[in-house]
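*Asks:* Provide a 3D model corresponding to the input given below.
(3 chains)
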Amino acid sequence: MPEGPELHLASIFVNRMCSGVVFTGPVQKSEVSKNLEVPFSCKAYTITASSRGKEVCLTLTSQKSDPTLGGSRRPKTGQVDQVQPQTMNVVFRFGMSGYFRFTVEEELPKHAHLQFYTNEKPCRVLSFVDPRRFGSWQPNGTWQAARGPCVMFQYQSFRENVLSHLSDRVFDRPICEVLLNQKYFNGIGNYLRAEILFRSNIPPFVMARTVLEGLKSKDEPEEKKNLVELSSKVAVKTKVKKEEKMEVNLEEEAENPDLLRLCNLVPLEVIKLGGKGYDPEKNDYSGFKMWLRCYEVDGMRSIRDHNGRTMWFMGAPGPMTPKGSKSPKAKKRLKEDPDVKHRIIKKTSTVIQTKPKAIRNEKEGRRKYVSRQEVRGTPRRPGQSRASCSAEAPRRRSGRVSQNTPS
DNA sequence: CGTCCACGTCTAC
DNA sequence: TAGACCTGGACGG
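*Replies:* Reported below is the predicted structural model:
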């Protein structure tokens, strides 16, 4: 599930698996991939990773100061040894299905389109696996210039980038569509936009500028200077002992995060799920599925946005709802299974308002990799309507946007 | 068997 | 604003 959190977890995965591991030889690309060759070959090199929004950067670093020639496919002319880079960055985008795996050579996964070989006895391979091949990589790459700051790890600049460009025409669009614009929301994807808007109680098809203009004033007070990169609620509290008024603001910020803050907090929650959100080895997404409150959740509504992407939401869609848009086929693919009609309503440790989710789609419980004992506890409410959802769990108003939206 | 759907960009009318 | 780019899983006949 490659959105910002999965890309970051992929970078953690690479760093964990490749720590202390020595790679060797050329980087191999599959025949079928249309991406560029990675012209790096070295007798001994290491791999580290970092992420930014929906990109991962692998850094290949030769261990010795004089890299050796070995790239069979390097078409370099003349002098050879000097041409080899000592370090190379390769920047990946994951498309719809990309991920990294680290296996022995004999167990190379299908669709492993870029491979890094270790110098070990039974050779192991770090590989970029991408069945649909929408992913891409760039040798000697940099973070894509057109993408904005990372919603997860560059929160302050992300926020400023949005709020200082609200005159941009892209904010004429519905908020749910703008949330997929990587120039401003680098890291947000289809499930995150649903989860974020659901928690903020903002209808998806309200004009983005209308939603975001309200957030500007909150940033204006000069007391805000002290706020830089609120890393945690605790940090915030200790920092603001002095100003009573500020304490209130921060409390409100912590207890009732606005839309942009949710664009930061919600992906961070997925990262905290850890392997449950991204773990190629144990192919277990049950934790992640349990975490979802809206996306593909039974009882939630869905319609196609102007770009044909499915928007999951609860309640009113908002004034900019596409005309003639219909909800995609109701997701009732899988048959009834009495064992999985229940799910746990867990309390989260975040300050974000938790609300009982609508009951899970039956589909979840039937996935082969879902352990059933995890999915029980709460009586199912068949055919639950959104009205009943709201009634049993009124969410906090997000403050300044909710009144803009017709119901 | 066939159809629909999927966690995302890209470029071309 | 369509398509193009792809494979594969779920579901229906």
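*Asks:* Can you pull the poorly scored residue ranges out of the stretch 101-250 of chain A?
*Replies:* Filtered on pLDDT under 70, the stretch 101-250 of chain A yields the residue ranges A:220-250.
*Asks:* Just read off the phi/psi values of A:Asp172.
*Replies:* Main-chain dihedrals, A:Asp172, degrees, to the nearest 10: phi -70, psi -20.
*Asks:* I misspoke; the intended subject was A:Phe313.
*Replies:* Main-chain torsions, A:Phe313, degrees, to the nearest 10: phi -160, psi 180.
*Asks:* Please report how far it lies from A:Pro204.
*Replies:* Distance, A:Phe313 to A:Pro204, by C-beta to C-beta, to the nearest Å: 5 Å. (Glycine included, C-beta is placed from N, CA and C.)
*Asks:* Please apply the same query to A:Phe153.
*Replies:* 26 Å.
*Asks:* These two - which one has more neighbours?
*Replies:* Applying other C-beta atoms under 10 Å to A:Phe153 and A:Pro204 shows that A:Pro204 carries more neighbours, namely 28 against 20.
*Asks:* Tell me who's in contact with the residue nearest to the more buried one when sequence neighbours are not counted.
*Replies:* Spatial nearest neighbour of A:Pro204, chain neighbours left out: A:Cys176 (3.6 Å); criterion: C-beta to C-beta, 6 or more residues apart in numbering. Applying C-beta atoms under 8 Å, 6 or more residues apart in numbering, we find A:Cys176 in contact with A:Arg193, A:Leu197, A:Pro204, A:Phe205, A:Asp305, A:Met311, A:Phe313.
*Asks:* Distance of the fifth one relative to DNA strand B?
*Replies:* Translated: A:Asp305. 11 Å (C-beta to the nearest atom of the strand, to the nearest Å).
*Asks:* quick one: that residue from A:Phe102, how far?
*Replies:* Distance, A:Asp305 to A:Phe102, using C-beta to C-beta: 37 Å.
*Asks:* what do you get for the third one?
*Replies:* Per C-beta to C-beta, A:Pro204 is found 38 Å from A:Phe102.
*Asks:* can you check the second one too?
*Replies:* From A:Leu197 over to A:Phe102 the distance is 36 Å, taken as C-beta to C-beta.
*Asks:* ok, these two, which is more surrounded?
*Replies:* Neighbour count, other C-beta under 10 Å: between A:Leu197 and A:Phe102, A:Leu197 has more, with 28 against 18.
*Asks:* helices and strands around the one helix or strand A:Pro267 maps to, which ones?
*Replies:* Using DSSP states H and E, A:Pro267 maps to helix A:259-273. Other helices and strands packing on helix A:259-273, by 3 or more C-beta pairs under 8 Å, 6 or more residues apart in numbering; DSSP states H and E, are helix A:4-18, helix A:155-163, helix A:190-200, helix A:208-219, helix A:286-291.
*Asks:* Make a markdown table out of those helices and add distance to DNA strand C.
*Replies:* Converted to a markdown table, the helices and strands packed on helix A:259-273 look like this (distance: least, C-beta to the nearest atom of the strand, whole Å):
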| stretch | distance to DNA strand C |
| --- | --- |
| helix A:4-18 | 17 |
| helix A:155-163 | 20 |
| helix A:190-200 | 13 |
| helix A:208-219 | 14 |
| helix A:286-291 | 13 |
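*Asks:* Point out the most buried one among those helices.
*Replies:* Comparing the helices and strands packed on helix A:259-273 by mean neighbour count (mean count of other C-beta atoms under 10 Å), helix A:190-200 comes out on top with a mean of 25.
*Asks:* okay, how far is it across stretch A:290-308, tip to tip?
*Replies:* Start and end residues of stretch A:290-308 are separated by 26 Å (C-alpha to C-alpha, to the nearest Å).
*Asks:* before we move on, what about stretch A:297-317?
*Replies:* End-to-end distance of stretch A:297-317 (C-alpha to C-alpha): 16 Å.
*Asks:* try stretch A:29-44
*Replies:* So stretch A:29-44: terminal residues 19 Å apart, C-alpha to C-alpha.
*Asks:* Mind listing what's buried along that stretch?
*Replies:* For stretch A:29-44, a neighbour-count test (16 or more other C-beta atoms under 10 Å) marks A:Lys29, A:Ser30, A:Ser33, A:Asn35, A:Glu37, A:Val38, A:Pro39, A:Phe40, A:Ser41, A:Cys42, A:Lys43 as buried.
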